[in-house]
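>>> Pasted the sequence and its predicted model underneath.
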Amino acid sequence: MENATTPSPRLFTLVPSSGTPIYRQLMDQVRRLIASGQLVPGAELPSVREVAEEYTVNPTTISKAYGLLELEGLLQRHRGKPMTIAPLRRNHQALAQRLRQVEAQVDSLVLAARQLDLPVADLTRFIEQKMGDSQ
Amino acid sequence: MNAPVVSTRGLGKVLGEKPVLRGISIDVEPGSVVGLLGKNGAGKTSLLEVLLGFSPATSGTASVFGADSFSMPADVKRRIGFVPQQDELLELLTGAEQLALNASLHPHWDRALIDRLVRDWEVPLDRRIQVLSGGERQKLATLLALGHAPDLLVLDEPAASLDPIARRRLLREILDIAESPTRTVLFSTHIVADLERVANQVWILREGAIVWQGDLDALKESVVRVTITAREPLPAALGIEHVLSQRLEDRRAQLVVTGWHDALPAALEDRFGAEVAVEHLSLEEIFLEMHA
Amino acid sequence: MNGVLATASLFYVRSRVQRWFFALALASLAARSLFLNLDCGCSRPTSSWYFLAEMVSVMPVLGFAIASLMSSGGLFRTVSSLRTVYLIPRSRAQLASGLLLAQVLAAALVTIVVVTLGPSPARPMGWGSVRGTFEYVFGAATLALVALQLIAGPSRVASLLAGALTLAFLGEFDLFMQPEVAGLPTPDVLALAALAAWLAFAAWYSNSGPIAPVAAVWRARRALSRTSPSSTTRKAAIDTYLLGHPSLWLACRRPLSFWTLYIAGFGVVMGLRPFQFTHMRHVPPPDFSVAALLAQLAMASISNSLAGNIARQSRTLWLRSGDSRRALFARAERLAWRALALVGVPFVLAAAAAWTFLPHLFTHPVFPLAVYLTVAPCGLYSGLLNFTRTRDLPFLLFFLIVSQGGVIAAMLQEDNPHLPVGGVPLGFWLLPVGLALLAAAMRRIAQQRWRQIDWLRYRAPRASSLGVRAVE
């Protein structure tokens, strides 16, 4: 594949002493990297062992993260080879369900907007602009 | 298939007049890395010593690899490696002699592993143990427990005298062991950061009783700090369950609760008509809140 | 000034052991004084056994007094070597003056005991007068303390000289208390000499640099390197863990050499009668019996402390050797007996040789030998039960009272014309038999105790027991 560089474990930033469990940090970061386009379908991920050694964390927590991402359909497992990003698939979940998944973020956004006195129209335009950028 | 490596039921221990352990019931699955957290005097060392058979339980049972702890047979003991809090090194021997001594006690001594670790950890082997520093002694004591590739490695405050580099190396070694699904690690510490890195199970011990046991990730996910900022003064009794600690001001309450679930903020907002901010805590903060 | 007073009270009454020694010394002194009081009026017979009885009644006084002195001297040395003490300004001067004051107070206390309970006839030594007694006690004790600091000090020459001189004087201590003796210094001379010695010592002490603790000094004297095998047998490894030393011989070497030196010193001093060169009307005959008795004490004491070490090291083998507690006891017991044999055989042979070939006051040494041979196993099992203390004082006291008492009683029987078995009445043989039965009983107890050892209870305390409060 065109973007298949040797995957560096330093792709992520894991903070063991945070309130967020390590596996969740990893999952969030993989999702973000996929969404921002830094990881394209077919790109290889560093192995569980490499990441665990790099950050001196328990490998089971890394493989837990990879396993959950695989269940979500974001990663693909290959025998004897590193895990790769799965090809993009249209999300077939119901719209309401998908909206509910971003409810927490929207709540914080609304809270911040209220505190900063941002009008709804400007905010909506801003969102549209952002979504257009990443297309 | 997955018989627990260590198992206790209602374990209690009384030393003199004082109960040092109270009603402890735990199971350790093979392949896990268990961190035992507690402040000084909480009973960490007592628990480990009773588990390994150094001390009889006053009530309840404790077993390792299926055998009763107090009367463990030799083949079970062979599968255990223990690094006690106060090392059992023989003062007048050199490091090399001490290692050789241990090697002759165990039929399967992994020389290659020990040689590698002696190099990596920079353990001096040619000087008498009585002139070694605390950190060097601790490293040597840890080596003695690793050499026979035990299935259960128990460490009592293994990093207390180690500098950050040495600590990191020790953690790497523990993780190496953790990779194998048949080898289990159980360690007690108050360096919480180490625990957050390598453990997947946590037991929090307080005054001899276990106040939390289970998955570390689950613990972090279930304990949150909730900040409620209301427009009107809040009632004194907020009626929220599973509260570890709380600070109440006129219109603002800050609580640490266990039993977090997704619908909690919305439910609280509805109830109090307030803004609810939720924050997850590091293990150290959780530990401190449990003692508040 | 408060600080000095506080320091003074530190030296004789700091730990429980010291308080006991001091109290026992005073008690035995009172007992002896009463005994002498009862005896006055009759003319003093010159038979050897009377002299021996008198000398022997001094032994508990001397024993406890020396022990009390040594422990206060040892405490002084230990406190001096603490770095925190070194850093406190004027601490050295305070310690030295505190100890001097403690000596004065202790001497005053002893004087009061002697004067109120002692015999009334005045002696040329000034012993019967208050001032003379005080000066004498103060002088002797202070000189002994200075000698102790020198013996434990870093200079080998000073250490040996001080040690030899002290042994010589100690051996003939009782002569100082006899009226026939002449040519020895008067009490005020002795007191002045002691004061001068102390001032010289204090001057050096206050100005010297950091003082190493005694253990460090002894450690430096040992040869540092030794070739060692790259691997040992499993059995040897297990024994090494139990002993804390690579071999039984090495574990025994230090106590053996200490005791051998002590016994030889006593033997030489008492046997060669250095005081025949002074003008004394009554010179005691050469007598190696004390040296022989010391050999027996050595055997019991060494085996007791080795057994104690083994008991305290047993923990290290719980996981390592795979033995059950029962098997561990069997191993420990075997090792302790081997130690006793290694130490005991040469001492018993030496004692037997001494009794056969050297002049002594035992007509029949069989009974004392039997007593000591049966008391040693008691010491062994007492040691095996000693999981916490580092010094098994109850056993030592037991040894002193039971075995010494038995032997002294036997010696007092020697003038009896009807001498049944082995020079003592038949009833006396109950003592060794009783001791053997006691040893068997103690073995049972030790066996039971080891089956249920709770090593968590016997964890050594982390901080040192010497907690020195800031004396300011």
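That came through fine. Bear in mind that the values here come from a model prediction, so they are computed numbers and not experimental data.
>>> Give me the mean pLDDT for the one helix or strand residue C:195 maps to.
Assessed by DSSP states H and E, residue C:195 sits inside helix C:187-207. Averaging pLDDT along helix C:187-207 yields 83.
>>> which bits of chain B sit near chain C?
By CB under 8 Å from any CB of the partner chain, the residues of chain B that approach chain C are B:13, B:15, B:45-46, B:49-50, B:52-56, B:71, B:73-75, B:77-78, B:80, B:82, B:86, B:88, B:90-94, B:96-97, B:100-105, B:128, B:130. From N, CA and C alone the C-beta is placed, and that goes for glycine too.
>>> Buried only: go through these for me.
Among the residues of chain B next to chain C, those scoring as buried are B:13, B:15, B:45-46, B:49-50, B:52-56, B:77-78, B:80, B:82, B:88, B:90, B:92-94, B:96-97, B:100-105, B:128 (criterion: 16 or more other CB atoms under 10 Å in any protein chain shown).
>>> Helices - which of the residues you listed land there?
Of these, the ones assigned to helices by DSSP state H are B:45-46, B:49-50, B:77, B:96-97, B:100-105.
>>> Including pLDDT and distance to residue C:366, could these go into a markdown table?
Shown next, in a markdown table, are these (pLDDT from 0 to 100; distance: CB to CB, whole Å):
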| residue | pLDDT | distance to residue C:366 |
| --- | --- | --- |
| B:45 | 92 | 53 |
| B:46 | 93 | 53 |
| B:49 | 94 | 50 |
| B:50 | 95 | 52 |
| B:77 | 94 | 49 |
| B:96 | 91 | 51 |
| B:97 | 89 | 46 |
| B:100 | 90 | 48 |
| B:101 | 90 | 44 |
| B:102 | 91 | 49 |
| B:103 | 90 | 50 |
| B:104 | 89 | 46 |
| B:105 | 89 | 46 |
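>>> Burial check on the residue in the stretch 251-400 of chain C positioned nearest to chain A, number of neighbours?
Proximity of the stretch 251-400 of chain C to chain A (CB to the nearest CB) peaks at residue C:319, 26.0 Å away. Applying other CB atoms under 10 Å in any protein chain shown, we find 26 other residues in the vicinity of residue C:319.
>>> and it, how far is that from residue C:404?
43 Å (CB to CB, to the nearest Å).
>>> and the residue of the stretch 251-400 of chain C closest to chain A, what pLDDT?
You'll see residue C:319 listed with a pLDDT of 92.
>>> Wait, it touches residue B:79, no?
No. Between residue C:319 and residue B:79 there is no contact under CB atoms under 8 Å: 10.0 Å.
>>> Give the burial count for residue C:23, as a bare number.
By the criterion of other CB under 10 Å, residue C:23 has 14 neighbours.
>>> same check, this time on residue B:9
Residue B:9 has 14 nearby residues by other CB under 10 Å.
>>> Is it part of a helix or strand, or is it coil?
Residue B:9 falls in the strand class when you classify it by DSSP: H, G, I helix; E, B strand; the rest coil.
>>> what residues are up against it?
Counting by CB atoms under 8 Å, 6 or more residues apart in numbering or on different chains, residue B:9 touches B:25, B:60-61.
>>> Buried ones only from those, please, as a ChimeraX command.
To isolate the buried members of the contacts of residue B:9 in ChimeraX, using 16+ other CB under 10 Å:
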select /B:60
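>>> can the contacts of residue B:9 go into CSV with extra columns for distance to residue C:143, secondary structure and pLDDT?
Formatted as CSV, these follow (distance: CB to CB, whole Å; DSSP: H, G, I helix; E, B strand; the rest coil; pLDDT from 0 to 100):
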residue, distance to residue C:143, secondary structure, pLDDT
B:25, 67, coil, 95
B:60, 63, strand, 95
B:61, 64, strand, 95
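>>> Give me the phi and psi for the closest residue to residue A:14 other than its chain neighbours.
In space, and not counting its chain neighbours, residue A:14 is closest to residue A:55: 4.8 Å by CB to CB, 6 or more residues apart in numbering or on different chains. Dihedral angles of residue A:55 (phi, psi; degrees, to the nearest 10) stand at phi -100, psi 0.
>>> just checking, residue A:55 touches residue A:16?
Yes. Residue A:55 is within contact range of residue A:16, at 7.4 Å (criterion: CB under 8 Å).
>>> Poorly predicted segments of the stretch 51-200 of chain B, please.
Regions of the stretch 51-200 of chain B meeting the criterion pLDDT under 70 are absent.
>>> does the residue in chain A that chain B sits nearest to count as helix, strand or coil?
For chain A, the residue closest to chain B is residue A:19, as judged by CB to the nearest CB, at 3.0 Å. With three-state DSSP as the basis, residue A:19 sits in coil.
>>> and it, what are its phi and psi?
Phi and psi for residue A:19, reported as degrees, to the nearest 10, are phi -70, psi -20.
>>> Hmm, residue B:278 and it touching each other?
No. Contact between residue A:19 and residue B:278 fails when scored by CB under 8 Å: they sit 10.1 Å apart.
>>> In which helix or strand does the residue in the stretch 1-150 of chain C that chain A sits nearest to reside?
When distances are taken as CB to the nearest CB, the stretch 1-150 of chain C reaches nearest to chain A at residue C:84, 36.9 Å away. Residue C:84 is located in helix C:83-87, with elements delineated by DSSP H and E.
>>> mind listing what's buried in whichever helix or strand comes after that helix?
Using DSSP H and E, the helix or strand that follows helix C:83-87 in sequence is helix C:91-117. Across helix C:91-117, burial judged by 16+ other CB under 10 Å covers C:91-92, C:94-103, C:105-107, C:109-111, C:113-115, C:117.
>>> pLDDT weak spots in chain A?
Residues of chain A that meet the cut-off, pLDDT under 70, sit at A:1-6, A:89-94, A:134-135.
>>> Nearest to chain C: which residue in it?
Counting by CB to the nearest CB, chain A gets nearest chain C through residue A:58, at 26.0 Å.
>>> ok, that residue - how many residues close by?
Per other CB under 10 Å, the neighbour tally for residue A:58 reads 27.
>>> That one contacts residue B:178, doesn't it?
Yes. If you go by CB under 8 Å, residue A:58 and residue B:178 touch, sitting 6.0 Å apart.
>>> Pretty sure residue C:75 sits in a strand.
No. Secondary structure of residue C:75 (three-state DSSP): helix, not part of a strand.
>>> Let's check: the centremost residue of chain A is which one?
Nearest to the mean C-alpha position of chain A, by CA atoms, centre = their mean, lies residue A:31 at 1.2 Å.
>>> That one: what's it in contact with?
By CB under 8 Å, 6+ apart, the contact set of residue A:31 is A:69, A:74.
>>> Buried residues in the helix or strand containing it, which are they?
Here residue A:31 sits within helix A:22-36, counting by DSSP H and E. By neighbour count on 16+ other CB under 10 Å, the buried set for helix A:22-36 is A:22-27, A:29-30, A:33-34.
>>> Please apply the same query to stretch B:31-48.
Quick answer for stretch B:31-48 (16+ other CB under 10 Å): B:31-38, B:42-48.
>>> Out of those, the closest to chain A would be?
residue B:33 (6.1 Å).
>>> Which of the three states applies to residue B:279?
Under the three-state scheme (three-state DSSP), the conformation of residue B:279 reads as strand.
>>> any idea how far it lies from residue B:146?
Taken as CB to CB, the span from residue B:279 to residue B:146 is 39 Å.
>>> tell me which element the residue lying closest to residue C:386 once chain neighbours are set aside falls in.
Residue nearest to residue C:386 in three dimensions, not counting chain neighbours: residue C:308, with 3.9 Å by CB to CB, 6+ apart. Element membership of residue C:308, judged by DSSP H and E, is helix C:289-313.
>>> next structured bit after that helix?
helix C:317-320.
>>> and that next one, anywhere near chain B?
Yes. Helix C:317-320 lies within reach of chain B by CB under 8 Å from any CB, at C:318-320.
>>> what ranges do the strands span in chain A?
A:75-78, A:81-85 (DSSP state E).
>>> Hmm, I typed the wrong one, I wanted the stretch 151-292 of chain B.
Counting by DSSP state E, counting those that start in this stretch, the stretch 151-292 of chain B has strands at residues B:152-156, B:184-189, B:201-206, B:209-215, B:224-229, B:243-248, B:252-257, B:275-280.
>>> Cool, thanks, signing off.
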